[in-house]
Each structure stands twice: as C-alpha cells, then as structure tokens.
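In: attaching a predicted model along with its sequence, questions to come.
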Amino acid sequence: MPDILGPVEYIVIHFDSDRFSPEVVPALNELLDQGLVRLIDIAAVTRAADGTVSILETQELGPEVAAAFERLTGELSPLLSEADLAELGEDLAPGTAAAALLFEHVWATRFADGVRAANGRLVLAERIPHQVMTEAQASLLAIAE
C-alpha cells in the first residue's frame, strides 16, 4: 500500500434497492484518472427483505457492475473491517444496499503537507450534504426576493 499523505475520507452511499448499478463508476474513474482521489478500499453491503445482511465482493454485484469496478480493485487495501460493514448492514432498511468507500484526497496532499510543516493539525472536518446546501441556497434566495 502506498503512503497516505492527503486526508482520508470514509463515505457510505445508500441505495433504495438491494441491486447495484454501474452508473456511479464512470464518475469515480474520472476522479481517479485525474489524480484527485486514490481509492483505498470499497465494499458493498446489502440487507435482503428478510433482514439478512451480506457483504459482497465487487465480482458478486453482477457482470455489468463487476466489469465497471474491475479497474478499481487492483490496488486496494482491506481496511474496512468485516465487523464495521456488518454493523453498516444492520443499519440498512430491508431491501436496500450501501457502498462504503475509503479514499485519499490526493488533491489536498500539498495543503496537508503545508499544515503539518506549520505544526498545524486538523481539529474539525465535516461534509455538508448536498440537500442541506440546496435548502440553504433556496432559503437565501427566498429572503433576497
């Protein structure tokens, strides 16, 4: 595994079905190709209608999805634990799925180096969901009218 120099983020993407489709993969490939992120680990978790939780390898997601993910799985490090993924699965509603991704923000490496060189340290990092920002913008526009 290469040294991790930039910030690392863990994200979980929820899907309203227990079937995965490959639409998200081209956008992820674009980020990888541009060198903006480095994928460290990825996992798929489903919860069947009967409540059974499954942790799936990408090749178990169907031929089209597995083919789309094929180039992503070559250099991965298994840092997402089975226990954490099982817990994620228990939090899913029956008949839904999630993808868990762990990636390095390569684009921020230079900034992170600068912070460390200045003896700084990150004390808070919070991602604001798209829906929250959209609602905030709409509120501001409504006030401005």
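Out: Happy to help now that I have it. Numbers count the residues shown, from 1 in each chain.
In: only C-alpha atoms for contact and neighbour calcs from this point on.
Out: Will do.
In: just give the number of residues close to Asp18.
Out: 19 (other Cα atoms under 10 Å).
In: whoops, I mixed them up, Gln131
Out: 9.
In: which element is it on?
Out: Secondary structure assignment for Gln131, by DSSP states H and E: helix 130-144.
In: export that helix to CSV, keeping only CA atoms.
Out: Extracted C-alpha coordinates of helix 130-144, given in CSV (Å, rounded to 0.1, in the frame of the first residue of the first chain):
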residue,chain,number,x,y,z
HIS,A,130,-26.0,18.4,-1.0
GLN,A,131,-29.6,18.6,0.2
VAL,A,132,-28.7,20.8,3.1
MET,A,133,-26.8,23.2,0.8
THR,A,134,-29.6,23.2,-1.7
GLU,A,135,-32.1,24.1,1.0
ALA,A,136,-29.8,26.8,2.4
GLN,A,137,-29.4,28.4,-1.0
ALA,A,138,-33.2,28.3,-1.6
SER,A,139,-33.8,30.0,1.8
LEU,A,140,-31.3,32.7,0.9
LEU,A,141,-32.9,33.3,-2.5
ALA,A,142,-36.3,33.5,-0.9
ILE,A,143,-35.1,36.1,1.6
ALA,A,144,-33.5,38.1,-1.2
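In: buried ones in it, by neighbour count?
Out: By 16 or more other Cα atoms under 10 Å, helix 130-144 has no buried positions at all.
In: also stretch 3-21?
Out: Gly6, Pro7, Val8, His14, Phe15, Ser17, Asp18, Phe20.
In: off-centre distance for that stretch?
Out: How far stretch 3-21 lies from its chain's middle: 2 Å, per Cα atoms, centre = their mean, to the nearest Å.
In: is it true that Ala43 lies in a helix?
Out: No. If the criterion is DSSP: H, G, I helix; E, B strand; the rest coil, then Ala43 is strand and not within a helix.
In: what's the separation between the closest residue to it other than its chain neighbours and Asn119?
Out: Leaving aside its sequence neighbours, Ala43 sits nearest to Ala100 (Cα to Cα, 6 or more residues apart in numbering; 5.2 Å). Ala100 sits 32 Å away from Asn119, taking Cα to Cα, to the nearest Å as the criterion.
In: ditto for Leu56
Out: Using Cα to Cα, Leu56 is found at 41 Å from Asn119.
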